[in-house]
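Asks: based on what follows, work out the 3D shape:
(2 chains)
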Amino acid sequence: MQLRRALGGRAGWSGLVAQFAFVAFVFWLGYEIYSNAQANLQAQRIASGFGFMQNTAGFGVSQNLVPYQESDTYTRIFIVGLLNTLLVSVIGIFLATVLGFVVGLGRLSPNWLVARLAGGYVELIRNLPLLFQILFWYLAVLATLPSPRQSASLFGMFFLNNRGIIVPGPIAEAGLEAFLVAILVAIVAVIGLNVYARRLLFATGRRLRIWPYVLGTLIALPVLSVLIFGKPVSFEMPVLRGFNFASGSRLIPEFVALLIALSTYTAAFIAEIVRAGIQSVHKGQMEAGSSLGLSRGATLRLIVVPQALRVILPPLTNQYLNLTKNSSLAVAIGYPDLVSVFAGTTLSQTGQAIEIIAITMGVYLLISLITSAIMNFYNWRISRSLAR
Amino acid sequence: MKRASLVLTLAIAASLPAAAVSAQTLKTVKDRGTLSCGVTSGLPGFSAPDDKGNWTGLDVDLCRGLAAAILNDPTKIKFVPLSAKDRFTALQSGEIDVLSRNTTWTLSRDTQLGLNFGAVNYYDGQGFMVKKSANIASTLKLDGASACVQQGTTNEQNLADYFKANKMKYEVIAFATADETLKAYESGRCDTFTSDVSQVYAERLKLAKPEDHVVLPEVISKEPLATVVRHGDDQWLDIIKWTHYAMLNAEELGITQKNVDEMLKSDKPEIKRLLGTDGNLGEQLGLTKDWSVRIIKAVGNYGESFDRNVGPGSKLNIARGLNRLWNQGGIQYAPPVR
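Replies: Modelled structure (predicted):
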């Protein structure tokens, strides 16, 4: 009730009527826009509806995570583009978080050089436009790499050239399933061991040395599986044939440039968020940690960061959303993301701007909502555990 | 790019009932006093601003001819540079009156997009450019190559068809603009740059060392490049088509930018009909009797425009080929003016 008054809401019937009228108005406006667009499209004989999704796309892409060929439909190309967007976003979020935390903690380091380096990184990266940075990595760095014939090579297995990074391609063998199961079992066993050791510590105060067992399980089980069921994968070596390496797996330079630019750019913002979050924890906490005899690292990990996370998480979510949305700048360097292949080529081939832009906006909205839902859940768990 | 499409989409969604507006393009242009013409963002020979900022080119000449015929002033044009993938949306939404931007006429574009194609002002086909040092003599040797191509073009699809038909592998990297495409090719990201042959020649001139690059002999597709207007305005479509035909007929009859005033005194019936000294054919189009005189004075006949922009009179120096008149071995053929 107090909140409602603070927001300027009115209680009682008059409030209800006003709200109802407003909702009705929004619906009417939406309907007007829809029917008007429909009438105009019909009058101009522009095709409408979603039937086009079943038509043949007829163009190629340079990176597809699911099998795709030119004779597939626009639905398929939509999935290809979506997965490419998700790939660069998910890996980008991971790298940006790691780098952001490192730089953010670095800025607070008592070491003068580390702190200045981290500060310089933040000021340089966050003050240059992202599109410029993407083009820099693509045209100024990756494009200057040697041509396939002059590739830089490592052990004759890994190659680097202006067509990307080429590594031996994995091929599934008979033992793959058993190997994956073995790893899964090992992980479950390690988690179980950890829980047991923790319980023991809390109940009796006895600290169990579990790391030899952890290491043993993680190595022994997979090795055992390989010995019994055969090797899980074999590798196909890259071979230079014609214009480029014909076999092996390849990371295309468009992906690499976009990933580097997105993660370094976002990391600069995350670093500032982390720094602010940690500084928001009262310095008495740090002193308390030291007086208990904890090292600086342990104090940070066990006392400061968990409290700082409450401050860090909401703006961190914003950065994750930004990174995902910024990935649409891929179009400038020809990375086949959703905007490039779907809102670009597909739109211009079918001409169905309204449908395609609506689908694309819907997809970005959905990705963003899911990301923030996950982050909100995590935030809720942390605040709950701190409140206890 | 994304924002532009979005704005255009909203513009379509929110525009007034379109049938009433689009059927009066001629009146709209006359009332406004300028012609809005969609062109490339800079393709030498077809549409590109020169060093003084004036747009020139074969596609630009068509718009200049139109403006001369309608507004009696070939400079009253607003040129709207468009990328390949945004061009149709700009026309559909009414941002431009006519799209004169080396656009290939295809069935699906003619039907699905709510557009109509006028006359073909350049018959082209798709070709490939490679580095001379690569020592490739034929497109059939491109198995496994990386190709740079502009997004939203027929070239993107032809490429897929051609490599599939010849059982060759390829990697395609599609860029939103011609400049980005060329830059990626020049940096070595791609083995070949592919586009319509005329465009390949034009883009080649933009490279740091054009002589280090060769255009392969094969042409893998039909690319009739035509002018495009919105569906549902027949009068406007007629004017677009006959602007090109007037230039073709003028060449056939030997009327040039220089001699057009003398030709007004000619008593040859065909010339009199075209130049409006006999009959009122121009008025039937919704223009003036001397409509074609204005066009020819502004840009010359088709042959003159071709030579000046893409032929021997230009840096491109492309042979006339298919674009010769029908009676000189080409397929440029205009219906008679009568």
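Asks: hang on, B:Asp86 packs against A:Ser348?
Replies: Yes: using Cβ atoms under 8 Å, B:Asp86 is in contact with A:Ser348, at 7.5 Å. All C-beta atoms are positioned from the backbone trio N, CA, C, and that covers glycine.
Asks: joint contacts of these two?
Replies: Common contacts of B:Asp86 and A:Ser348 (Cβ atoms under 8 Å, 6 or more residues apart in numbering or on different chains): B:Gly152.
Asks: how about the strands in the stretch 101-250 of chain B?
Replies: B:115-124, B:126-131, B:145-150, B:170-175, B:192-196, B:213-215, B:223-230 (DSSP state E, counting those that start in this stretch).
Asks: who does the fifth one touch, helix- and strand-wise?
Replies: Spelled out, that is strand B:192-196. Strand B:192-196 sits against strand B:126-131, strand B:145-150, helix B:154-165, helix B:178-186, helix B:197-204, with contacts defined as 3 or more Cβ pairs under 8 Å, 6 or more residues apart in numbering or on different chains; DSSP states H and E.
Asks: for the third one, buried residues please.
Replies: Buried positions in helix B:154-165, judged by neighbour count with 16 or more other Cβ atoms under 10 Å in any protein chain shown: B:Thr154, B:Asn155, B:Glu156, B:Gln157, B:Asn158, B:Leu159, B:Ala160, B:Tyr162, B:Phe163, B:Lys164.
Asks: what subset of these is also close to chain A?
Replies: Counting by Cβ under 8 Å from any Cβ of the partner chain, B:Glu156, B:Gln157, B:Leu159, B:Ala160, B:Lys164 from those sit close to chain A.
Asks: adding pLDDT and distance to B:Asn317, write those out as CSV.
Replies: Formatted as CSV, those follow (pLDDT from 0 to 100; distance: Cβ to Cβ, whole Å):
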residue, pLDDT, distance to B:Asn317
B:Glu156, 91, 28
B:Gln157, 91, 29
B:Leu159, 93, 26
B:Ala160, 91, 31
B:Lys164, 91, 34
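Asks: quick one: end-to-end length of stretch A:157-174, please.
Replies: One end of stretch A:157-174 sits 23 Å from the other (Cα to Cα, to the nearest Å).
Asks: ok, residues contacting that stretch?
Replies: In contact with stretch A:157-174 (Cβ under 8 Å, 6+ apart) are residues A:142-148, A:150-154, A:229-238, A:244-245, A:247-253, A:255-256, B:146, B:187-189.
Asks: which members of the residues you listed are positioned in strands?
Replies: A:152-154, A:233-236, A:244-245, A:249-251, B:146 (DSSP state E).
Asks: just the buried subset of those residues, please.
Replies: Using 16+ other Cβ under 10 Å, the buried ones in those are A:Asn244, A:Phe245, A:Arg250, B:Ser146.
Asks: tell me the secondary structure for A:Ile165?
Replies: Assigned with DSSP: H, G, I helix; E, B strand; the rest coil, A:Ile165 falls in the strand class.
Asks: partner residues bridging it?
Replies: Under DSSP bridges, the beta-bridge partners of A:Ile165 are A:Leu160, A:Leu251.
Asks: surely A:Ala143 meets B:Arg189?
Replies: Yes: here A:Ala143 lies in contact with B:Arg189, judged by Cβ under 8 Å, at a distance of 6.2 Å.
Asks: list the residues that contact the closest residue to chain B within the stretch 101-250 of chain A.
Replies: Closest contact between the stretch 101-250 of chain A and chain B, by Cβ to the nearest Cβ, is at A:Ala143 (3.7 Å). Counting by Cβ under 8 Å, 6+ apart, A:Ala143 touches A:Asn162, A:Pro253, B:Ala184, B:Ser187, B:Gly188, B:Arg189.
Asks: closest to A:Pro314 out of the strands of the stretch 101-250 of chain B?
Replies: strand B:170-175 (37.4 Å; Cβ to Cβ).
Asks: helices and strands around that closest one, which ones?
Replies: Looks like strand B:170-175 contacts strand B:145-150, helix B:154-165, helix B:178-186 (3+ Cβ pairs under 8 Å, 6+ apart).
Asks: distance to A:Ala178 for the ones you listed - can I get that in CSV?
Replies: Putting the helices and strands packed on strand B:170-175 into CSV (distance: least, Cβ to Cβ, whole Å) gives the following:
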stretch, distance to A:Ala178
strand B:145-150, 39
helix B:154-165, 39
helix B:178-186, 45
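Asks: pLDDT wise, what is the closest residue to chain A within the stretch 201-338 of chain B at?
Replies: Of all residues in the stretch 201-338 of chain B, B:His231 sits closest to chain A, at 4.9 Å by Cβ to the nearest Cβ. Here, the pLDDT recorded for B:His231 equals 89.
Asks: how many residues are close by B:Pro269?
Replies: Applying other Cβ atoms under 10 Å in any protein chain shown, we find 11 other residues in the vicinity of B:Pro269.
Asks: just how off-centre is stretch B:94-113 within its chain?
Replies: Relative to its chain's centre, stretch B:94-113 lies at 10 Å (Cα atoms, centre = their mean, to the nearest Å).
Asks: try stretch B:36-55
Replies: So, by Cα atoms, centre = their mean, the centroid of stretch B:36-55 is 11 Å from its chain's centroid.
Asks: endpoints of it, how far apart?
Replies: End-to-end span of stretch B:36-55 (Cα to Cα): 13 Å.
Asks: tell me if it is near chain A.
Replies: No: shown here: stretch B:36-55 not in contact with chain A (Cβ under 8 Å from any Cβ), separated by at least 13.6 Å.
Asks: got the buried residues for that stretch?
Replies: For stretch B:36-55, burial by neighbour count (16+ other Cβ under 10 Å) applies to B:36-49, B:55.
Asks: highest mean neighbour count out of the strands of the stretch 101-250 of chain B?
Replies: strand B:192-196 (a mean of 28; mean count of other Cβ atoms under 10 Å in any protein chain shown).
Asks: tell me the angle of that one relative to strand B:126-131?
Replies: Counting by axes from the mean of the first three to the mean of the last three Cα atoms, to 10 degrees, strand B:192-196 points 150 degrees away from the direction of strand B:126-131.
Asks: pLDDT averaged over strand B:192-196, what's the number?
Replies: On average, strand B:192-196 scores 95.
Asks: how close does the residue sitting nearest the centre point of chain B get to chain A?
Replies: When chain B is reduced to its mean C-alpha position, the nearest residue by Cα atoms, centre = their mean turns out to be B:Asn102, at 3.2 Å. Separation of B:Asn102 from chain A (Cβ to the nearest Cβ, to the nearest Å): 15 Å.
Asks: nearest spatial neighbour of residue 136, chain-adjacent residues omitted?
Replies: Here I'm looking at chain A. In space, and not counting its chain neighbours, A:Phe136 is closest to A:Ala261: 7.5 Å by Cβ to Cβ, 6 or more residues apart in numbering or on different chains.
Asks: try again with chain B
Replies: Nearest one to B:Ile136, counting by Cβ to Cβ, 6+ apart, is B:Val130 at 5.1 Å.
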